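> Quick one, structure for this:
(one chain, ligands or ions: 1)
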Amino acid sequence: MSASPPPASAYDYVIVGGGTAGSVIAARLTEDPGTSVCVIEGGPSDVGLERVLKLRDWLGLLGGDLDYGYTTVEQPRGNSHIVHSRARVLGGCSSHNTLISFRPFARDLDDWVAAGADGWDNATVQSYADRIKCNITPVAAKDRNEIVRDWIDASAKATGVPVIEDFNAATSHGGGFADGVGFLSIAYDPHTGHRSSASVAYLHPVLGRRGNLTLMLETWADRIVFDGDRAAGVEVTTADGERRTVRADREVILCAGAIDTPRLLLLSGVGPAADLREVGIGVRHDLPGVGENLLDHPESIIMWETVRPVPENTVMDSDGGLFIRRDTTDPRPDLMFHIYQIPFDDNTARLGYDSPGPRNAICMTPNIPRSRSRGKLWLTSSDPAVKPALDFRYFTDPDDYDATTIVDGLKIAREIAATEPFKSWIKREVAPGPAVTTDEELSEYGRRAAHTVYHPAGTCRIGADGDPMAVVDPALRVRGLSGLRVADASVFPTMPSPNPMVTVLAIGERAADLIRADR
Ligand SMILES: Cc1cc2nc3c(=O)[nH]c(=O)nc-3n(C[C@H](O)[C@H](O)[C@H](O)COP(=O)(O)OP(=O)(O)OC[C@H]3O[C@@H](n4cnc5c(N)ncnc54)[C@H](O)[C@@H]3O)c2cc1C
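Prediction:
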């Protein structure tokens, strides 16, 4: 099967990035046979690529040939060793992530509207989430691991939160939930264990069937080409090293993700003028918000050795979630935990902790749903091959809210580990270990062993017209230029409380409508 027609010189729309949002937009726009779309994707196809499609193998993809692997600058109050995995394959991060699927909460979207994202209210965004084609389902009965069941029971008992059977049922038409614990909802096929990623759900069914959809794989977008203030195409380097320009008669749509979309704008002279001049890039358009407002969900880890091997059945070794609400003035949870049924030990091993065998560890990773630290991304060179600098400024918020949240999380995790039926699984606490007890010690350990839930976002945020730091308007058009839109995780004004992929998919769905409406 030929995946797509041979490249032409011009298309109606050129999409940079066949990732999570890019796959949705490409599929939706080409439903109209009269609209031509070219997707420039840095990675290969995932069709038939079993190591990608088999969801349980996700961890093996991190750090490999399908991972761009972005490091950070030194984090004086956090962990300087975090590597931010970003997928280099069709489907983007939905092709190497864990596909945990949460709709955003109503209050998260109220925050967006308050930040100037007119039209991104809860009712509208949920109606786009209703359209998502990925197969999102709570963990199937056969995949429900005994230790996760016992952890859910113990969490409910220790913390008083309800057991929730389907988290998204509570969110989609109910606005969200305050707290709860349960098996996660995951975008997968329980019969095959395969991903239901953005590429699987949106592109695979149409590849080779739509003459108006062209994929340029293993092709890197180096710069946006402008005709005056209008984006007229993209300069790319193809798999065999050829440099060429792919022209867009209508629009260029950037879907390269929260790191590579601002990187491409900056390389194209769109960003903070002084920063661009410093690296010798001519200023096309002074847009000070590009690369600012770098958001994430930071997490830490507590690990135990188990008395007997953890049973094998699972979706992807991280099948349960717990939400706690400490601040009762807000309807949303403010502390989340994933459970890992494997030793998730990169950061603890670096700190000198031992690691139980592969089937003899259980971990909890408390994370901060609405972290108050804000980071920045910038270029250190005009060479497109040089990776940008990322400074998440982890744990730098003035009230120490972020570090306090992690300390609370580690303490709650210990209470759960002391509660039956989970307690009977535990042989010993491996990290941070029983000697680490005071808030100061827990904060120090929690920040040094910190990790990312892999959710960078916000670096080209939506905002109102008068907001100088807004990069795109509420219709996702880059401010001050024409023919150029951004649609991916970089447009988030603030971070949705839970895992963000469903929000990104909904952005893709709505972006397609906004693009069609402007046509
Ligand atoms: C390991 C991991 C686990 C995660 N787990 C979850 C989870 O369980 N649930 C959840 O909700 N979220 C999860 N996330 C986050 C979620 O996957 C992302 O927020 C989301 O997929 C981002 O989508 P995007 O469209 O913004 O970017 P991406 O999906 O990253 O798409 C960007 C695409 O652009 C391409 N690209 C980039 N630059 C260029 C260029 N210059 N030229 C050509 N192509 C380019 C890339 O190859 C990629 O395909 C996880 C992320 C990771 C990394």
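
> Helix, strand or coil: sort out residue 199 for me.
helix (DSSP: H, G, I helix; E, B strand; the rest coil).

> Give me the nearest residue to it, chain neighbours excluded.
Leaving out its chain neighbours, the residue that sits closest to residue 199 by Cβ to Cβ, 6 or more residues apart in numbering is residue 91, at 3.2 Å. For every residue, glycine as well, the C-beta is placed using N, CA and C.

> contacting residues around that neighbour?
Neighbouring residues of residue 91 by Cβ atoms under 8 Å, 6 or more residues apart in numbering: 18-20, 23, 46, 52, 195, 197-200, 203.

> The same query, at a cut-off of 7 Å, please.
Contact partners of residue 91, counting by Cβ atoms under 7 Å, 6 or more residues apart in numbering, are 19, 23, 46, 197-200.

> likewise residue 77?
Residues counted as contacts of residue 77 (Cβ under 7 Å, 6+ apart) are 394-396, 447.

> Let me know how buried residue 312 is, in neighbour terms.
By the criterion of other Cβ atoms under 10 Å, residue 312 has 8 neighbours.

> what about residue 5, neighbour count?
Burial of residue 5, expressed as a neighbour count using other Cβ under 10 Å, amounts to 15.

> now swap in residue 24 and tell me
Per other Cβ under 10 Å, the neighbour tally for residue 24 reads 32.

> would you put the C-alpha positions of the helix or strand hosting it in PDB?
Here residue 24 sits within helix 20-29, counting by DSSP states H and E. Provided in PDB are the C-alpha atoms of helix 20-29 (Å, rounded to 0.1, in the frame of the first residue of the first chain):
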ATOM      1  CA  THR A  20      -1.200  14.000  18.300                       C
ATOM      2  CA  ALA A  21      -3.000  17.200  17.200                       C
ATOM      3  CA  GLY A  22      -1.500  17.100  13.600                       C
ATOM      4  CA  SER A  23      -3.000  13.700  12.900                       C
ATOM      5  CA  VAL A  24      -6.400  14.800  13.900                       C
ATOM      6  CA  ILE A  25      -6.300  18.000  11.800                       C
ATOM      7  CA  ALA A  26      -4.900  16.200   8.700                       C
ATOM      8  CA  ALA A  27      -7.600  13.600   8.800                       C
ATOM      9  CA  ARG A  28     -10.400  16.100   9.400                       C
ATOM     10  CA  LEU A  29      -9.400  18.600   6.700                       C
END
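
> for the closest residue to residue 265 other than its chain neighbours, helix, strand, or coil?
Excluding its sequence neighbours, the residue lying closest to residue 265 (Cβ to Cβ, 6+ apart) is residue 290, at 5.1 Å. Of the three states, residue 290 takes coil under three-state DSSP.

> OK, contacts around residue 290?
So residue 290 contacts 262, 265-266, 270-272, 460, 471 (Cβ under 7 Å, 6+ apart).

> Most neighbours among those, please name it.
Neighbour max across those (other Cβ under 10 Å) = residue 262, 32 neighbours.

> Please tell me how far it sits from residue 74.
Noted for residue 262: a distance of 21 Å to residue 74, by Cβ to Cβ, to the nearest Å.

> Also residue 186?
For residue 186, the distance to residue 74 - Cβ to Cβ - is 35 Å.

> More neighbours: those two, which one.
residue 186 (25 against 8).

> tell me the contacts of the spatially most central residue of the chain?
In the chain, the centroid-proximal residue (Cα atoms, centre = their mean) is residue 455; its distance is 3.8 Å. Neighbour list for residue 455: 296-297, 499-500 [criterion: Cβ under 7 Å, 6+ apart].

> quick one: stretch 376-394 to chain centroid distance?
Distance of stretch 376-394 from its chain centroid, counting by Cα atoms, centre = their mean, to the nearest Å, is 18 Å.

> Contacts for that stretch, please.
70, 72-73, 75, 77-78, 84, 222, 259, 262-263, 266-267, 275, 279-281, 291-292, 294, 296, 298, 373-375, 450, 459.

> what about that stretch, average pLDDT?
The average of the pLDDT scores along stretch 376-394 is 97.

> if we can go back for a sec, looking at the contacts of residue 77, which is nearest residue 342?
Nearest to residue 342 among the contacts of residue 77, counting by Cβ to Cβ, is residue 447 at 23.2 Å.

> And the closest one, what's its pLDDT?
Value for residue 447, per-residue pLDDT: 98.

> give me every residue that touches it.
With the criterion set at Cβ under 7 Å, 6+ apart, residue 447 makes contact with 77-79, 395, 403.

> Reformat those as JSON lines; add secondary structure.
Output for the contacts of residue 447, formatted as JSON lines (three-state DSSP):
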{"residue": "77", "secondary structure": "coil"}
{"residue": "78", "secondary structure": "coil"}
{"residue": "79", "secondary structure": "coil"}
{"residue": "395", "secondary structure": "coil"}
{"residue": "403", "secondary structure": "helix"}
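
> Quick check: the farthest pair among these?
Pairwise distances across the contacts of residue 447 peak at 12.3 Å for 79 and 403 (criterion: Cβ to Cβ).

> Of these two, give the one with the bigger neighbour count.
In terms of neighbours (other Cβ under 10 Å), residue 403 is the more surrounded of residue 79 and residue 403; the figures are 26 against 23.

> residues touching that one, list them.
395, 443, 446-447.

> ok, and the most crowded of these?
Greatest neighbour count in the contacts of residue 403, by other Cβ under 10 Å, goes to residue 446: 30 neighbours.

> The residue nearest to the centre of the chain: what's its closest spatial neighbour, skipping adjacent residues?
Counting by Cβ to Cβ, 6+ apart, residue 297 is the residue found nearest to residue 455 once chain neighbours are left out, at 4.5 Å.

> isn't that neighbour right up against residue 366?
No: using Cβ atoms under 7 Å, residue 297 is not in contact with residue 366; the gap is 10.6 Å.

> Mind listing the shared neighbours of the two?
Overlap of the contact sets of residue 297 and residue 366 (by Cβ under 7 Å, 6+ apart) is empty.
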